[in-house]
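> here is a sequence together with a model predicted from it:
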Amino acid sequence: MKQLALAISTVALSITVAPMAHADFTVVRFNSQYCRVWTPPSAPPQDFQYLAFRRAWNGHVWWQHVFATHPEADAALQKAIAAGRCRVR
């Protein structure tokens, strides 16, 4: 009986401690120049392109198009709108 209780508690603990699913977000621009935040694993929209954003890291420049959280992707979208890369509706 103690082994069964230990097995059940081990399974319950592993389920509780398991990491949450990680969703990536990106900014897409349609042919109409309208942009929005998109989740890449979902079905890709038609007539779109991913927007890349320039980042500086230790003096090196690299391009980022995937963001870990929705607020980060939304901030990138707002920068693209301010820079004229996207239209607002």
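Thanks, I have it. Because the structure is predicted, anything quoted here is derived from the model rather than measured.
> pull out the buried positions in stretch 57-67.
Buried residues in stretch 57-67, counted by 16 or more other CB atoms under 10 Å: 65, 67. Every C-beta, even on glycine, is put in place using the N, C-alpha and C of the backbone.
> I'd like the mean pLDDT over it, please.
Average pLDDT, stretch 57-67: 76.
> same deal with stretch 74-89?
88.
> buried sites along that stretch?
Buried-residue list, stretch 74-89, by 16+ other CB under 10 Å: 76-77, 80, 86.
> centre of the chain to that stretch, how far?
17 Å (CA atoms, centre = their mean, to the nearest Å).
> contacts for that stretch?
Contact with stretch 74-89 is made by 27, 29, 32-37, 51, 53, 67, as judged by CB atoms under 8 Å, 6 or more residues apart in numbering.
> compute the first-to-last residue distance for that stretch.
End-to-end span of stretch 74-89 (CA to CA, to the nearest Å): 15 Å.
> any chance you could map the helices in the protein?
2-17, 70-82 (DSSP state H).
> not counting sequence-adjacent ones, nearest residue to Pro45?
Distance criterion CB to CB, 6 or more residues apart in numbering; nearest residue to Pro45, sequence neighbours excluded, is Val28 at 6.3 Å.
> I'd assumed Ala52 was in contact with that neighbour.
No: counting by CB atoms under 8 Å, Val28 does not reach Ala52; the two are 11.3 Å apart.
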